[in-house]
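1. Please work out how this folds:
(chains A, B and C)
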Amino acid sequence: MPDIRLENLTKRWGDVVAVDNLNLTIPDRSFTCLLGPSGCGKTTTLRMIAGLEEPTRGKISNGDKLVFCSERGLSLSPDKRDVGLIFQNYALWPHMTVFQNIAFGLEMKKMSRSQVEERVKEAAGWMQIDEYLQRYPSELSGGQQQRVALARSLAPRPNCLLMDEPLSNLDAKLRMDMRTELKRIHAETNMTIVYVTHDQLEAISMATTVVVMKDGKLEQCDEPLRLYKYPNNLFVADFVGSPSINLLKGKIVELRDVWTVQCGDWLLSLKKAPYGDTAIKNGHEVVVGVRCEDILISNPEPPAIGMLVYSNLPTGSDTFVRLRHEDISLTAKLSEADIIPTGSEINASFRPERVLLFDSKTGERMSEGSSLVNFSIAP
Amino acid sequence: MGLHSAQPAAGNRLAVLCERGWNRSKRILSNPPLVLSIALLVISIYLVIVPLISVLISSVTLHSRDTLRVFGKKVGEFTTYYLKRVFASDISDVLFYEPLMNTLIVSFLMSVLAICIGTILAWFVVRTDLPFKRFISNMAVVPFILPSWTLSLAWLTIFKNRTIGGTTGILEYFGVQLPDWISYGPLPIIITMALHYYPFTFMLVGSAFKGFDTRLEEAAFVLGGNQRTILRRVVLPMVSPAIASSFILTISRGIGSFSTPVFLGNPINYRVLSTRLFASLQAGSPGDAYVISLVMILLAATFIFISNRIIGKRKSFVTISGQAPRAKLISLGKWRFVASAGILLFLFAVIVVPLFVLAADTFMRVPGVYSPSNFTLHYWIGKSTPGILDGRPGILRDPDTWKAFLNSVKLGLSTSVLSAIFGILIGYTVVNLRGTWLSSALDQISFLPYLIPSIAFGAIYLSLFAQQRGPIPSLYGTFMLIILATTAKNFPFAAKSGISAMIQLGHEIEEAGIIAGASWLTRMRRLVLPLQRSGLLNALILPFISAMRELSMVVILITPGTQLLTTLTFRYSDYGFYHMSNAVVLLLVIVIVVMTYIMQRITGSELSEGLGGN
Amino acid sequence: MKRFATLLLVLSLILMLGGVSFPVLAADEDWNAITDAAKNEGLLIVYNPSSRMGEAAEGFTAKYGIAVQWAKMNDVEVSDRVVREHEAKARGADVIVTEDAAILMAQLLPQGYVVNYIPSTHKAIIPVEYQDPLIYQFQPRIIGYNTEAYDESPIESLWDLTTPEWRGKVLMRDPQFTSTNLAWFAEIVEATDEMEAAYEKRFGEPITLTTPNAGWEFIKRLANNKPIMFKSDTDVAEAVGARGQADPPVGLYVLSKHRDIPAKNLALEACYGLEPYMGYLYPAYVAITANAASPNAAKLFVRYLLEEGVKAWTKDLGNFATDPRIPTHPDDPLGGTEAWAKVTMPLNAQTTVKHYGELFDFWMKHAK
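-> Now for the predicted structure:
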């Protein structure tokens, strides 16, 4: 199992810590996304794996092969790490034809002329760019350039393909096509793909593993759906999902079998959380998180509570509705393209098993998921 | 027991340390950019920092000639004699304070005049519907391409009076008695220098005019401002950063300028710092010269510092909107042809007239006599005649001219090739190692020569390379020295263009090669260099031209065996052989214009960057 | 006066000895060997301040077939270059000609940059006092006036140059860059008695000093009187002697410029009878560099210069070879060096060395 393992990996630029003591295992043959806002250290991490950036401290290994070790002053050069890298701007060599671009890496591996030709043809065929082999990159569209960049990286058949926001320069439609294409490549080859993006939708829809980073630190590493459903903390909860999760500030007013949390004049009774409760006292400040699709409007079962429709944002397939109650404002998703007239009063409720509870001070999630028991207005 | 058990652990740690050290140094040595940057650092320290230190030392150690003045001290001993002489002695006024005042006055007034001319021209060319724009904008930059003293020589040819003897100018010949203040000194210096330097402003302010969003102007127009109010309240304030930076650029050039004051100021003993420095060297007082060099460097550095402080902050004005919409041109109405004629007349007066006067002068036995009998080709192709110009043959027949011509071309070629190589390597390493102290050290050091006025730079090189130092043999009197000095003086330009070319190229181009497993040499040869080709040509030809017309720095370094066209002009005019010196200048102008033309044809660019074009 | 008397004495002594056969002091040199070696050395490089060197160089090349590269440069440049070339061990001058006694005596010779060389053929011929260092010729630099405007010299005393009448109307080469002019000032500083006497004679009253002595006083007043600095003697002579001037200046220039009077139609004459002196008489020294790359050619050239080359100068009036066999120009108004030495101030190297630094600054300070 040649997993890629990062141990205590740190990268500093002067006083700035780009990557802070990162420990991470990228499973073999996974499609791992490094996700985070810009400046979170994801690209730096990728470049350290590639060998383009030298970590300040730590260890990187690829299977049994130690690739980098600060303690021993060891650092393999990029070409010995068996990786391919796709750059955000593709970095195609503008003075070479598509053929020459793809062939370059193969020539560097001292392959014979015929072998090179065969491999180029194969990679080009794969990416469906056979007809452009004699063109120069500037004569290609953005999407075609992206395919050339992919073909160039795939041709030497690396065991790991690293990609740095490869789709960010494409328009929405092309991006969809390329996502499909990348998933196909992943399925058809045995490659591990490490993919950097700041687009959470892209990460969730493509990855087998998502790594969320912030300020150089690892926030959460999980399967995409688990990440979406059970974010470890407020940052992940807020960063993942579009529109972003509804967060309500509140405090615990009752601690018994059932916890009661007060948000504004709302009282939410939740089934007792299974962990981390010993230190928690009455008055503890918490944040309640509910995803917009977990707000039930059309047919709310009791307990429900009255809210005012503030505005409608139809997208065609569904409609986002902004609801207000005093200082509380929520975004809910109607699965049908219904539009509820602005100003009308409706009854809303939360999907009982999908209410998340976070510690407001640490930001950590306080439970595996709580069941909403009661929902009422404080007397 | 405890000690014993600790032993192997310590040994292990040592082994780990050794391994780390070994692996690290192996990697550093196999990291070409790093090795390269260290090599470049050593070179630039040697060519820039060491000279600076050496001038500091030279200004406080006794020079061999001065054993005649300072008794009881040995050559090379520490002395404050020069500092005292320059700053606080009976002759400080003559040696320093007056030249300093003259320098400041002349450069300031010259800059103001140049800014006015440049801004007005730029406004007409960019913002109005002036006819013949393209032609005007191409011609407007010509004075800057010509050697700066072309205008001075032309001035002398027209306005020289009899005060200093020798042949008089055309006007005196026709019986016009000219006072000294017209013939020599600050007035002609200010005028001719302004006419040489205004293209800076023309180009900078012109592109600011072009770059700014005319919607701002339109907004003011909609709000009811008239053209004049808009110009004063909106347009000029908007381009003020460009004007300010032109001013700083012009004045800092003015401070170091040598050739114009030497031709027009020396005859009546009107000296600026650069010519005073040169006079001190000529009179055999190098110590004074080095102290003056230091002052000039400080002065230039101060201006750059101020400009970075002020302009650095306000620069953002000009680039307010990336894509300026098609500018709506101001209609000059019936005045457009009048304006155009006026500007063409001006350009005619500052380009064609001087060159024509110089050329005419070389064909006349006696200046100003326009009769066929006075026509002569002697100064061009005449045979050596005793009694005329020390029996020198015409310049085209004189082997000295051709030797100087070849030397100039040789200097131009070697300087441009070396500068281009240096530029690319600096650009490569600085961008590659960005964020490391090596990178910023290289960046800063290569900028330093910009602060050092050429004449001071020449003086420094003279002091540094006159003797053998360590393993480096003395380069005095060799052509190599002149090449090195000119190249080092070119570092700022070379580094700047190299760095911006590399930034434009981006590091990914090379990184893609690293990932593909290409060695450094392969990457340079197959990926980096081929992509620099177009920039390379620019980086070659500009230094070529500037080396061809370089005078103030090489005048100090030149020896009889290494004469250049520029120094030949200078020598001839020093001997009073104005015909010859004019003829050589014309030769030089021809070479430079031809080279510029070739450059524009090859790169398809124009120096005026299409300010007036579509 | 005393110094002058000594000179006369020495001169007469030499004239006396001239007819007597004189034993050759040094071992004879093998000129055939030197000539052969010189031809093998190839190029000879000469630095000197006069453009007539070209003629001498051509003559030398014609006679021996040895190429000469000669460069015209002022005294400061010559000495600077020689020093630098020596330090740099660079190929530079083999032979230098300089008029700057101070630098030659105080720096170049004692510090070993150049060596004094007298060809064996001339040891017995060149007067001994001109042998260390070797002088090959003398030239008077005199004050002259415009004969179209004035029937006779408009000035009778050097002190006239300091009067308001001649303010801005005295032309000379800038002493900052002309070592001989500075050296002349040094002689004036030493000639206190003569300067004082001339002052009294001119103005009828004793001088009031603001400086140490009458010599310094003269220099200060001259500097204050706005003399005009010219680049060359040619220009001075032309500017003084040009016809058609209403109010022509007087100027200090080398006498040899009088040769141009007919060709340039000048109205020029020297101010004979000027008190106390009408100018000065300065030597041209020739020496071989210590590291000469062509030492034999250099020796040969020095010999040639003494024998033949100097005629490039002496064929015109105003130049006097130190070799007594080379005759004075027939048109010479006074008839020879000795006569000129009486009416001008012969420069003395020791005097120059003594006052050089002080005078340079003194002049600079007052001439602004």
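
2. what's residue B:145 in contact with, if anything?
-> Residues near residue B:145 by CB atoms under 8 Å, 6 or more residues apart in numbering or on different chains: B:545, B:592, B:593, B:596, B:607. For glycine as for every other residue, the C-beta is placed from the backbone atoms N, C-alpha and C.

3. Hmm, residue B:592 and the first one touching each other?
-> Yes: taking contacts as CB atoms under 8 Å, residue B:545 lies within contact range of residue B:592: 5.6 Å.

4. Which pLDDT value does the model give residue C:214?
-> Among the per-residue scores, residue C:214 shows a pLDDT of 92.

5. measure it to residue C:221 for me?
-> 10 Å (CB to CB, to the nearest Å).

6. Could you identify the helix or strand that succeeds the helix or strand harbouring residue B:356?
-> Element membership of residue B:356, judged by DSSP states H and E, is helix B:353-362. Counting by DSSP H and E, the next helix or strand C-terminal to helix B:353-362 is helix B:378-381.

7. right, is that next one up against chain C?
-> No: applying CB under 8 Å from any CB of the partner chain, one finds helix B:378-381 out of contact with chain C, separated by at least 15.9 Å.

8. Please identify the buried residues of that helix?
-> Using 16 or more other CB atoms under 10 Å in any protein chain shown as the burial criterion, the residues of helix B:378-381 that qualify are B:378, B:379, B:380.

9. Ok, stretch A:25-43 next?
-> Buried, per 16+ other CB under 10 Å, within stretch A:25-43: A:25-26, A:28-36, A:40-43.

10. what does stretch A:151-171 give?
-> By 16+ other CB under 10 Å, the buried positions in stretch A:151-171 come out as A:151-167, A:170.

11. what does stretch C:259-271 give?
-> For stretch C:259-271, burial by neighbour count (16+ other CB under 10 Å) applies to C:259, C:260, C:264, C:266, C:267, C:268, C:269, C:270, C:271.

12. thinking again about what came up before, show me which of residue C:214 and residue C:221 is the more surrounded one.
-> Set residue C:214 next to residue C:221 and count neighbours by other CB atoms under 10 Å in any protein chain shown: residue C:214 wins out with 24 against 17.

13. Isn't the more buried one up against residue C:192?
-> Yes: contact criterion CB under 8 Å: residue C:214 and residue C:192 qualify, at 5.3 Å.

14. Now flag whichever of the buried residues of stretch A:25-43 is closest to residue B:19.
-> Using CB to CB, residue A:25 is the member of these that lies nearest residue B:19, at 25.8 Å.

15. So the closest one belongs to a strand, correct?
-> Yes: under DSSP: H, G, I helix; E, B strand; the rest coil, residue A:25 falls within a strand.

16. How far does whichever strand or helix holds residue B:291 sit from its chain's centre?
-> Using DSSP H and E, residue B:291 sits in helix B:286-314. Distance, stretch centre to chain centre, for helix B:286-314: 15 Å (CA atoms, centre = their mean, to the nearest Å).

17. same thing with stretch A:27-38?
-> Relative to its parent chain, stretch A:27-38 has a centroid offset of 7 Å by CA atoms, centre = their mean.

18. what does stretch C:108-119 give?
-> Chain-centre distance of stretch C:108-119: 19 Å, with CA atoms, centre = their mean.

19. For that stretch, measure first residue to last.
-> 20 Å (CA to CA, to the nearest Å).

20. buried residues in that stretch?
-> Result for stretch C:108-119 [16+ other CB under 10 Å]: buried residues C:108, C:109, C:113, C:114, C:115, C:117, C:118, C:119.

21. could you give the angle of the helix or strand hosting residue B:253 to helix B:286-314?
-> In this assignment (DSSP H and E), residue B:253 forms part of helix B:236-256. Note on geometry: by axes from the mean of the first three to the mean of the last three CA atoms, to 10 degrees, helix B:236-256 and helix B:286-314 are set 170 degrees apart in direction.

22. Pull out the buried residues from helix B:236-256.
-> The neighbour-count check on helix B:236-256 (16+ other CB under 10 Å) flags B:238-256 as buried.

23. Can you give me the neighbour number for residue A:44?
-> Neighbours of residue A:44 under the rule other CB under 10 Å: 23.

24. Would you enumerate the residues in contact with it?
-> Going by CB under 8 Å, 6+ apart, residue A:44 touches A:11, A:18, A:19, A:53, A:216.

25. How about residue A:109?
-> By CB under 8 Å, 6+ apart, the contact list for residue A:109 reads A:156, B:517.

26. What parts of the stretch 301-450 of chain B come near chain A?
-> Remark: the part of the stretch 301-450 of chain B in contact with chain A comprises residue B:435, using CB under 8 Å from any CB.

27. Can you name the residue of the stretch 301-450 of chain B nearest chain A?
-> Nearest residue of the stretch 301-450 of chain B to chain A: residue B:435, at 5.8 Å (CB to the nearest CB).

28. Need the nearest residue in space to that residue, chain neighbours excluded.
-> Residue nearest to residue B:435 in three dimensions, not counting chain neighbours: residue A:13, with 5.8 Å by CB to CB, 6 or more residues apart in numbering or on different chains.

29. The one helix or strand residue A:252 maps to packs against which elements?
-> In the assignment (DSSP H and E), residue A:252 maps to strand A:246-255. Using 3 or more CB pairs under 8 Å, 6 or more residues apart in numbering or on different chains; DSSP states H and E as the contact criterion, the elements in contact with strand A:246-255 are helix A:234-239, strand A:258-263, strand A:266-271, strand A:285-290, strand A:328-334.

30. Quick one: low-confidence residue ranges for the stretch 251-379 of chain A.
-> Along the stretch 251-379 of chain A, the parts satisfying pLDDT under 70 run over A:272-279, A:298-302, A:336-337, A:368-369.

31. Over to the residue of it found nearest chain C: give its phi and psi.
-> With CB to the nearest CB, the shortest gap between the stretch 251-379 of chain A and chain C falls at residue A:363, namely 73.6 Å. The phi and psi values for residue A:363, taken as degrees, to the nearest 10, are phi 80, psi 0.

32. now do residue A:210
-> When quoted as degrees, to the nearest 10, the phi and psi of residue A:210 stand at phi -120, psi 130.

33. Equivalent analysis for residue B:155, please.
-> Residue B:155 adopts backbone torsions of phi -60, psi -50, taken as degrees, to the nearest 10.

34. now the lengthiest helix in chain B, how far from the chain's geometric center?
-> Across chain B, the longest stretch assigned as helix under DSSP state H is helix B:399-432. Average the C-alpha atoms of helix B:399-432, do the same for its chain, and the two points are 14 Å apart (CA atoms, centre = their mean).

35. can you check stretch C:360-368 too?
-> On CA atoms, centre = their mean, the centre of stretch C:360-368 falls 22 Å from that of its chain.

36. Which SSE is immediately downstream of the longest helix of chain B?
-> helix B:437-447.

37. tell me the angle of that next one relative to helix B:286-314?
-> Using the same axes, to 10 degrees: helix B:437-447 against helix B:286-314 is 120 degrees.

38. buried set for helix B:437-447?
-> Buried residues in helix B:437-447 (16+ other CB under 10 Å): B:438, B:439, B:441, B:442, B:443, B:445, B:446, B:447.

39. Identify all contacting residues around it.
-> For helix B:437-447, using CB under 8 Å, 6+ apart, the contacting residues are B:34, B:37-38, B:40-41, B:44-45, B:48-49, B:426, B:429-433, B:491-492, B:494-496, B:499.

40. Just the C-alphas of it, formatted as CSV.
-> What follows is helix B:437-447, C-alpha atoms only, in CSV (Å, rounded to 0.1, in the frame of the first residue of the first chain):
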residue,chain,number,x,y,z
TRP,B,437,18.1,36.9,1.2
LEU,B,438,20.2,35.9,-1.8
SER,B,439,17.5,37.0,-4.1
SER,B,440,16.9,40.4,-2.5
ALA,B,441,20.7,41.0,-2.1
LEU,B,442,21.2,40.4,-5.9
ASP,B,443,18.2,42.5,-6.7
GLN,B,444,19.5,45.4,-4.6
ILE,B,445,23.1,45.2,-5.5
SER,B,446,22.4,45.2,-9.2
PHE,B,447,20.3,48.4,-8.7
